[in-house]
Structure formats: C-alpha cells, structure tokens
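**Q** Prediction below, plus the sequence it came from.
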Amino acid sequence: MTAADENGLVQAADNLRATLEAAARPHARGARIDSAWHNAGTGLALAATTAATILPSNHSSWARVAAGAATFLIALLRALDFGSRWRWHLNMRARYTSLVDRVDRVAVLPADRRPEALAQLYDELAKIRGQERAVPGSASSLASLGNTP
C-alpha cells in the first residue's frame, strides 16, 4: 500500500469518526430530555394520584381535580412514550459509539484489510441511519408501521 493510499485511509477513518461522533451527540441530548419528561411526568402523576387518594372527603372537588390531572398526565405520557424514546436514544447513541470504537480498531489491522474494514463500517453506518426515523411515539415511526410486510 502506498503512502498516498494510507493517507487516504487515515483521512476516511477520521471523517467517519467525526461523522459518528456528530450523529451520536443529539442522542445524548435526546436521552436526557426524554428521561426528564418520563421521570418527572411519572412523579407528577404519582403525586396527583396520591393527593386524590388522601384528600379528605370534604375536599372532594380538589380530589377530582387531582384525579383528572393524574389521568391526563398518564394519558399524555403513554401517548408520547417518553420511556421508549429515552431507551431508543440510549441504544442509538450506543450503536454510533460502538462504531467509533471499531473505527479506532481499523488502525491496528494489517494494511491490506483496512480498506475492507472501513467499507464495512460505512455500510453499518448506513443501516444505523436507516433506524433514525423510527423514534418511538413519533408520527414517522407510526407511518413506517404501515409499510412493514
């Protein structure tokens, strides 16, 4: 392998690493946001349910308000499915970062195997990117259900 070929492979690996790190970044942020919505929403629904249960009978109007708030929160959390979205973001980020690790591994492969290894990583990147539109609870993931055999 010539020095020019080696430089091209190093540049391709660097480009792939940068692409993977950039693709993983929004999933780290998305996981934090969806985790906060999932956990805070669950906590609020539990608090409202508890309030509706323990309020004395002479405060029945407030108990109904608390029960209604709990019902609304539970319905909202289920419809938007923040728990599944949170786990999906974690999984997507893990997929991208595992490819970063494999890009780093290419450097220790024999020179004749490096081009094939990088090509396989680009193919896997394409497969992972195909999963980007399958966010749980989103319109795009629901639309894709109708296209499955």
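**A** Happy to help now that I have it.
**Q** Would you map the helices across this structure?
**A** In the chain, the helices defined using DSSP state H lie at 3-54, 60-80, 82-106, 114-130, 139-145.
**Q** Tell me how many other residues crowd residue 5.
**A** Residues near residue 5, counting by other C-beta atoms under 10 Å, number 12. Glycine gets a C-beta too; all of them are placed from N, C-alpha and C.
**Q** Can you lay out the helices of the chain as CSV showing mean pLDDT?
**A** Listed next are the helices of the chain as CSV, based on pLDDT from 0 to 100:
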stretch, mean pLDDT
helix 3-54, 90
helix 60-80, 92
helix 82-106, 93
helix 114-130, 93
helix 139-145, 50
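**Q** Deepest-packed of the ones you listed, please.
**A** Among the helices of the chain, helix 82-106 has the highest mean neighbour count (mean count of other C-beta atoms under 10 Å), at a mean of 18.
**Q** angle of it against helix 114-130?
**A** 170 degrees (axes from the mean of the first three to the mean of the last three C-alpha atoms, to 10 degrees).
**Q** Now find how far off-centre helix 82-106 is within its chain.
**A** Between the centre of helix 82-106 and the centre of its chain there are 8 Å (C-alpha atoms, centre = their mean, to the nearest Å).
**Q** next one: stretch 111-123
**A** Between the centre of stretch 111-123 and the centre of its chain there are 27 Å (C-alpha atoms, centre = their mean).
**Q** And stretch 60-71, by the same measure?
**A** Relative to the chain's own centre, stretch 60-71 is displaced by 34 Å; criterion: C-alpha atoms, centre = their mean.
**Q** what does it rub up against?
**A** Stretch 60-71 is contacted by residues 44-45, 48-49, 51-53, 55 when judged by C-beta atoms under 8 Å, 6 or more residues apart in numbering.
**Q** Throw the residues you listed into TSV and include distance to residue 114, thanks.
**A** Formatted as TSV, these follow (distance: C-beta to C-beta, whole Å):
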residue	distance to residue 114
44	53
45	53
48	58
49	58
51	62
52	63
53	64
55	68
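**Q** Using CSV, write out the CA atom coordinates for stretch 58-68.
**A** Output in CSV follows, covering the C-alpha atoms of stretch 58-68 (Å, rounded to 0.1, in the frame of the first residue of the first chain):
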residue,chain,number,x,y,z
ASN,A,58,-64.8,17.5,52.4
HIS,A,59,-62.3,18.5,49.7
SER,A,60,-63.8,16.3,47.0
SER,A,61,-63.5,19.0,44.4
TRP,A,62,-59.8,19.1,44.8
ALA,A,63,-59.6,15.3,44.8
ARG,A,64,-61.4,15.3,41.4
VAL,A,65,-59.0,17.9,40.1
ALA,A,66,-56.0,15.8,41.2
ALA,A,67,-57.6,12.6,39.7
GLY,A,68,-58.2,14.4,36.5
